[in-house]
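Undergrad: missing the sequence, but the structure's below:
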RNA sequence: CGGGGCGUAGCUCAGCCUGGUAGAGCGCUCGCUUUGGGAGCGAGAGGUCGGCAGUUCAAGUCUGCCCGCCCCGACCA
């Protein structure tokens, strides 16, 4: 297929949009792919929609390959379904009413609706099922950002599996995991599958697909030696060994007037920050106070502590701290307290300086097991350069975009919505489900983050809006345009998507736009190439740049 | 929701401190020249200066309130 650029709506911009920060945001706007309508609300212009649809088609093929059945569920959803599952209370849900006052929601995913349909599954003989669709999701995000990275409305491929038991769910889950790897690979993305934070949901398996990028909202922790990969929120790292002072037989009080920070404490005592401990009191929903204890040079990981406590919590207030410990926040320690102490694994061995629960005083030589009885857990946030817990290698950090998330929800939705089936043993059981999401928009943004240079986008072949960009540098010379049309037609006849720049623009502008748009292959036709029937071909990644016979151009383009 | 910044032509911005006829570059239209990395000359079109209220003889500029957008944080089944 050949299209003439002179007829297309591709509004490229010479300068970066003023409000853009992320590379993908800048380049997609400049390249005429997307435009913002409102905060977190975007239009895909014709070029952007072509890329989106190419991603969609790849996903579709891989979903069909694992037995997925495409369907379409509505956006407008009666609120009763969400009341039944309790998700009506999720703050990100958009609410609206019809003229009679009947309540609806705009769903953020479709578990309720698909489970509503799954009620028609009656027998184990009809299982398993994998249903999916591409549809609009709305989320009242408090803070959209980064162009397509975090938006309030987007299209998601969400699929849902229904099985008779956990074993079946495992299988459906693995099928999706493998399909997702193929999808991202076909889209030309580098992606790491990592165990995702399960938070208060607990127990259920959840895998995130993270694409390393210059902009993103997740931090991917990887070990180059053994391939370990995890989200920062649950990653495990081993901190460097501390320089511990001579051990004491018992804790000794030391006056530390005005010292309330770890930095000041280490400075004051002339010791390693890693030889101190830091206490963080938190309060759970039921009012119970817990003391989190990490090494002085570490940060408490809130997501890990959430996993350990199994319940939501908040930092304790100054009043609560005073009432419980009799001291201010900067002077707290684990010795002699009545509340539960959760200590990080790094504090298991050795003696550390801790707060004395007395303003202006600390304790030297505090030892876990001897001076206090903590519950040990991994609650520290890993740091770049930590040692890999698995192989001893060095942990590196990368900013990453979450492009996919697969999740086992079990009977979370089938129970409240009473989606049951009759099993082989004659008993009625709730369907066991999983949900699996990919945001094509984020895939697109991640592809730009991973594939660009100073001039513009460098698309992977598989999702580029067009395979070949033919530039006619004709300057009013009809023969040049004819040759360009000829080459374009030959390429188009081979099944390639060809964008023919037949605009009456100067060469520099055509080159600049072509760089920005980023089609993987380029053919340049101009006065220079008229003489001997050869044209210039160039790959966007710069690997190929040569003049060749038109017949060979077709071979080259179809072989890539 | 807390902190910071911004809102003037299609885009990127100046003008605001110190009130007095609304500007530049790019883009757009027409003409001529030019044509292998964002051309040159000439002539034009284009703006309720985010909104409302106030101060003033006079408000893009000062004051108040509101709205929108961006960034950091919180949040993110």
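TA: Everything's here; your move. The structure displayed is predicted, hence computed values, not measured ones.

Undergrad: Could you pull up the contacting residues of the spatially closest residue to residue A:473 that is not a sequence neighbour?
TA: Spatially, and ignoring its direct neighbours in sequence, residue A:473 is nearest to residue A:526 (3.6 Å; CB to CB, 6 or more residues apart in numbering). Backbone N, C-alpha and C define where each C-beta goes, glycine included. Going by CB atoms under 8 Å, 6 or more residues apart in numbering, residue A:526 touches A:471-475, A:480, A:507, A:536.

Undergrad: Just the buried ones among those, please.
TA: A:471-474, A:480, A:536 (16 or more other CB atoms under 10 Å).

Undergrad: Now those residues in JSON lines, please, with extra columns for secondary structure.
TA: Converted to JSON lines, the buried ones among the contacts of residue A:526 look like this (DSSP: H, G, I helix; E, B strand; the rest coil):
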{"residue": "A:471", "secondary structure": "strand"}
{"residue": "A:472", "secondary structure": "strand"}
{"residue": "A:473", "secondary structure": "strand"}
{"residue": "A:474", "secondary structure": "coil"}
{"residue": "A:480", "secondary structure": "helix"}
{"residue": "A:536", "secondary structure": "strand"}
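
Undergrad: In the residues you listed, find the pair that's most separated.
TA: Greatest spacing in the buried ones among the contacts of residue A:526, by CB to CB: A:474 and A:536 (14.1 Å).

Undergrad: start to end distance for stretch A:281-295?
TA: 14 Å (CA to CA, to the nearest Å).

Undergrad: Let me see the contact set for the residue nearest the centre of chain A.
TA: By CA atoms, centre = their mean, chain A has its centre lying nearest to residue A:402, at 1.1 Å. By CB under 8 Å, 6+ apart, residue A:402 lies in contact with A:208-210, A:216-218, A:442.

Undergrad: now it, what's its secondary structure?
TA: strand.

Undergrad: can you pull up the bridge partners for it?
TA: In this entry, residue A:402 is beta-bridged to residue A:210, by DSSP bridges.

Undergrad: Could you check how far it is from RNA strand B?
TA: 9 Å (CB to the nearest atom of the strand, to the nearest Å).

Undergrad: quick one on the thing from earlier: return only those of the contacts of residue A:526 found close to RNA strand B.
TA: Among the contacts of residue A:526, the ones lying near RNA strand B by CB under 7 Å from any atom of the strand are A:473, A:475, A:507, A:536.

Undergrad: neighbours of the nearest residue to the second one once chain neighbours are set aside, just the number please.
TA: Read it as residue A:475. Closest residue in space to residue A:475, ignoring its immediate chain neighbours: residue A:527 at 7.4 Å, by CB to CB, 6+ apart. Look at residue A:527: counted by other CB atoms under 10 Å, it has 12 neighbours.

Undergrad: where's the residue in the stretch 301-450 of chain A that RNA strand B sits nearest to, which helix or strand?
TA: Of all residues in the stretch 301-450 of chain A, residue A:407 sits closest to RNA strand B, at 4.3 Å by CB to the nearest atom of the strand. Counting by DSSP states H and E, the element that carries residue A:407 is strand A:395-410.

Undergrad: pLDDT check: weakest of the contacts of residue A:526?
TA: Lowest-confidence member of the contacts of residue A:526: residue A:475, scoring 74 (pLDDT).

Undergrad: tell me the contacts of residue A:252?
TA: A:363-365.

Undergrad: Let me fix that, I meant to ask about residue A:217.
TA: With CB under 8 Å, 6+ apart, residue A:217 has these contacts: A:146, A:149-150, A:401-402.

Undergrad: Which residues are in contact with residue A:363?
TA: A:251-254, A:333, A:335, A:353-356, A:371.

Undergrad: Assign a three-state SS to the residue nearest to residue A:84 when sequence neighbours are not counted, would you?
TA: The shortest distance from residue A:84 to any non-neighbouring residue, by CB to CB, 6+ apart, is to residue A:416 (4.9 Å). Three-state call for residue A:416 (three-state DSSP): coil.

Undergrad: is it true that residue A:261 touches residue A:331?
TA: No - judged on CB atoms under 8 Å, residue A:261 makes no contact with residue A:331 at a distance of 11.1 Å.

Undergrad: okay, these two: which has more neighbours?
TA: residue A:331 (23 against 12).

Undergrad: Which pLDDT value goes with the more buried one?
TA: 86.

Undergrad: Next: the one 4 residues further on.
TA: pLDDT, the model's per-residue confidence, is 94 for residue A:335.

Undergrad: so it sits in a strand?
TA: No - counting by three-state DSSP, residue A:335 is not found in a strand; it is coil.

Undergrad: Distance check, the closest residue to residue A:459 other than its chain neighbours against residue A:47.
TA: Once flanking residues are discounted, residue A:459 sits nearest to residue A:518: 4.9 Å by CB to CB, 6+ apart. Distance of residue A:518 to residue A:47, computed by CB to CB, to the nearest Å: 10 Å.
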